[in-house]
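**Q** Have a look at this fold, sequence not included:
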């Protein structure tokens with residue numbers, strides 16, 4: 001029995017982002033309700049015949065290609081502060097390659113002190 005198309009899509013996307021497909025239904029899993037098990041990302045896969053936003057993305061891709069730029073569709077709903085960015089898979093792959101570095105940097109104790117934090121400098125003793 002072959003996989004349904006949506007399961008195949010979930011597997012391919014999980015592999016692409018460095019995760020694994022959540023067995024059963026995402027909400028029935030004990031690990032996560034996401035479609036992909038990943039240490040950092042919460043990935044929900046939507047597999048449909050059409051998405052209205054993809055028509056917009058394809059239009060932006062054509063314009064971006066003409067200017068040799070990376071297409072990005074930024075979405076902000078009126079009255080909301082949060083923005084969402086739709087990017088091509090190629091760019092997502094690049095971002096994922098840098099994700100561990102960014103996370104390590106963010107949690108590193110080697111981060112420079114903020115101006116408001118006291119600096120523990122040792123005083124030199126004079127002979």
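**A** Great, that's in hand. In this text, all values refer to a predicted model and were calculated from it rather than measured experimentally. Numbering: from 1, shown residues only.

**Q** Against residue 43, how distant is residue 34?
**A** 5 Å (Cβ to Cβ, to the nearest Å). (C-beta placed from N, C-alpha, C; glycine too.)

**Q** typed the wrong thing, it's residue 52
**A** 21 Å.

**Q** Tell me which of these two has more neighbours.
**A** residue 43 (19 against 6; other Cβ atoms under 10 Å).

**Q** excluding its backbone neighbours, what's nearest the more buried one?
**A** Spatial nearest neighbour of residue 43, chain neighbours left out: residue 36 (3.7 Å); criterion: Cβ to Cβ, 6 or more residues apart in numbering.

**Q** One more: residue 11?
**A** Of all residues apart from its sequence neighbours, residue 21 sits closest to residue 11 (Cβ to Cβ, 6+ apart), at 4.9 Å.

**Q** residues contacting the one you found?
**A** Residues in contact with residue 21 (Cβ atoms under 8 Å, 6 or more residues apart in numbering) are 7, 10, 11, 14, 35, 36, 37.

**Q** Most neighbours among those, please name it.
**A** Among those, residue 35 has more neighbours than the rest - 26 neighbours, counting by other Cβ under 10 Å.

**Q** tell me the phi and psi of that one?
**A** For residue 35, the backbone dihedrals (degrees, to the nearest 10) come out as phi -80, psi -20.

**Q** So it sits against residue 42, correct?
**A** No - using Cβ atoms under 8 Å, residue 35 makes no contact with residue 42, being 9.3 Å away.

**Q** Domain map for this protein?
**A** 1-47, 50-106 (automatic domain parsing).

**Q** Most tightly packed of the ones you listed?
**A** Ranked by mean neighbour count, the domains of the chain are led by domain 1-47 with a mean of 14 (mean count of other Cβ atoms under 10 Å).

**Q** quick one: the residue nearest to residue 43 from residue 15, how far?
**A** From residue 36 to residue 15 the distance is 9 Å (Cβ to Cβ).

**Q** where exactly do the strands run in this structure?
**A** 20-21, 36-37, 73-76, 83-86 (DSSP state E).

**Q** distance of residue 47 from residue 100?
**A** 28 Å.

**Q** do you know how far residue 54 is from residue 48?
**A** On the measure of Cβ to Cβ, residue 54 and residue 48 end up 9 Å apart.

**Q** With that, I have no additional questions.
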